[in-house]
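Student: Pasted the sequence and its predicted model underneath.
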Amino acid sequence: MAILNILEFPDSRLRTKAQPVEKVDDAIKQLAKDMLETMYAAPGIGLAATQVNEHKRVVVMDTSEEQNDPLVFINPEITPMTDEQGHLQEGCLSVPGFYEEVVRPNRVKVTALNVDGESFTLELEDLQAVCIQHEVDHLNGKLFVDYLSPLKRNRIKKRLEKAHRLQQHPVSA
Ligand code: QAP
Ligand code: CO
């Protein structure tokens, strides 16, 4: 098990499009385990492989109160199940400290492979539906800040760039 480093906006590696997993082998299983450990340690409710600089289509998620309901989605495919849009404050481990409202369909169907390489389908709503859409966006190189106005996105970018500079020169902090 290992806690992985999480890339932060505006790191250009977050713009990489992840490749489909061809075979759910031991390396993919280990990646999913390490991603769950990294998500729980943060703590977070969802993490995409892109965020830990692994450009494979793997997502982990746990929106349960007790953080005891780990879900792993390999090669997830999403179908919206409603025209109804939900408005939810989203955050992101790659955009630490910032939360903004994003509008998305609030019911989706997701089909994916599990860690045993078996196909499964789930119908998700509300937080889980929003979270899986947010995570699949990561696999396509998209971030929740892309849904915000350029002004808001730029303000977040500048603040995180400044925080990263301070992290590189701790003597000046
Ligand atoms: C995506 O995000 C999500 O800023 C998962 O300082 C979040 O787990 C989808 C986190 C909300 C829908 C709604 C963020 C932790 C965790 C932070 C996360 C932070 C510490 C974010
Ligand atoms: Co995110």
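Tutor: Sure thing, it's come through. Ligands and ions are numbered 1, 2, ... in the order given.
Student: Sort out which residues of the helix or strand containing K152 are buried, please.
Tutor: K152 belongs to helix 150-168 when assigned by DSSP states H and E. The neighbour-count check on helix 150-168 (16 or more other CB atoms under 10 Å) flags R153, I156, L160 as buried. Heads up, the C-betas are built off the backbone N, CA and C, glycines and all.
Student: Contacts for it next, please.
Tutor: Helix 150-168 is contacted from outside by E8, F9, P10, V95, P96, F98, E100, V145, D146, L148, S172, A173, using CB atoms under 8 Å, 6 or more residues apart in numbering.
Student: okay, those in a markdown table with secondary structure and distance to H55 next?
Tutor: A markdown table is the format used below for the contacts of helix 150-168 (DSSP: H, G, I helix; E, B strand; the rest coil; distance: CB to CB, whole Å):
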| residue | secondary structure | distance to H55 |
| --- | --- | --- |
| E8 | coil | 17 |
| F9 | coil | 17 |
| P10 | coil | 17 |
| V95 | coil | 19 |
| P96 | coil | 21 |
| F98 | coil | 24 |
| E100 | strand | 26 |
| V145 | helix | 20 |
| D146 | helix | 18 |
| L148 | coil | 24 |
| S172 | helix | 34 |
| A173 | coil | 33 |
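Student: Now a PyMOL select for only the buried ones of those.
Tutor: Applying 16+ other CB under 10 Å to the contacts of helix 150-168, the buried members can be selected in PyMOL as follows:
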select buried, resi 8+9+10+95+98+100+145+148
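Student: hmm, which two among the contacts of helix 150-168 are most spread apart?
Tutor: D146 and S172 (31.4 Å; CB to CB).
Student: coming back round to it: among the contacts of helix 150-168, which ones lie close to ligand 1?
Tutor: P96 (CB under 6 Å from any ligand atom).
Student: which among the contacts of helix 150-168 gets closest to K17?
Tutor: Using CB to CB, those come closest to K17 at D146, 14.1 Å.
Student: Residues of this structure that sit close to ligand 1?
Tutor: Going by CB under 6 Å from any ligand atom, the residues of the chain near ligand 1 are 42, 44-46, 88, 90-93, 96-97, 130-131, 134.
Student: coming back round to it: state the mean pLDDT of the helix holding K152.
Tutor: Helix 150-168 shows a mean pLDDT of 97 in the predicted model.
Student: re earlier: now the residues of the chain next to ligand 1 in CSV, with secondary structure?
Tutor: Formatted as CSV, the residues of the chain next to ligand 1 follow (DSSP: H, G, I helix; E, B strand; the rest coil):
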residue, secondary structure
A42, coil
G44, coil
I45, coil
G46, strand
L88, strand
E90, strand
G91, coil
C92, coil
L93, coil
P96, coil
G97, coil
V130, helix
C131, helix
H134, helix
